[in-house]
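1. prediction below, plus the sequence it came from.
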Amino acid sequence: QVQLVESGGDLVQAGGSLRLSCAASGRTFSTYTMGWFRQAPGKEREIVARISGSGGITDYADSVKGRFTISRDNAKNTASLQMNSLKPEDTAVYYCGARFPGGSGSSSNPTGYKYWGQGTQVTVSS
């Protein structure tokens, strides 16, 4: 069992920055692919970024490439999302997810993740 707790969401002006953190419980954190997803009102949950267990492989949605950076610290059981040059369209609830090693489904799809945090609200004003 893995428990995830997100933090760092806030109200920020367009062009600003935020850093989201995801704290995980458990002793096998380094084996999980971690993903950051977001869900805006009336929309489906979508992938923002993902990072392999070792941290050596990262991938981003086209909409955030060059602005967001995903990272992880396996010694501290944390995953982070640095968000720069925020836009109003980035407004959403952001969730971190943990993908079980060898799990079914795609790591770019929410169904590929077994564990989720409660989410943290990011609001970007224009």
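-> Nice, thanks for sending it over.
2. in the sheet, who's paired with G35?
-> Counting by DSSP bridges, G35 forms beta bridges with R50, G97.
3. gap between it and G8?
-> Using Cβ to Cβ, to the nearest Å, G35 is found at 16 Å from G8. Bear in mind the C-beta positions are built from the backbone N, C-alpha and C, glycine included.
4. and the two? Which one has more around it.
-> G35 (27 against 16; other Cβ atoms under 10 Å).
5. paired strands for the lowest-mean-pLDDT helix or strand in the chain, with orientation please.
-> For the chain, counting by mean pLDDT, DSSP states H and E, strand 115-116 ranks last in confidence among helices and strands (a mean of 94). Applying DSSP bridges, strand 115-116 is found paired with strand 92-99 (antiparallel).
6. what's the distance between the residue nearest in space to the middle of the chain and S108?
-> By Cα atoms, centre = their mean, the chain has its centre lying nearest to W36, at 1.8 Å. Using Cβ to Cβ, W36 is found at 12 Å from S108.
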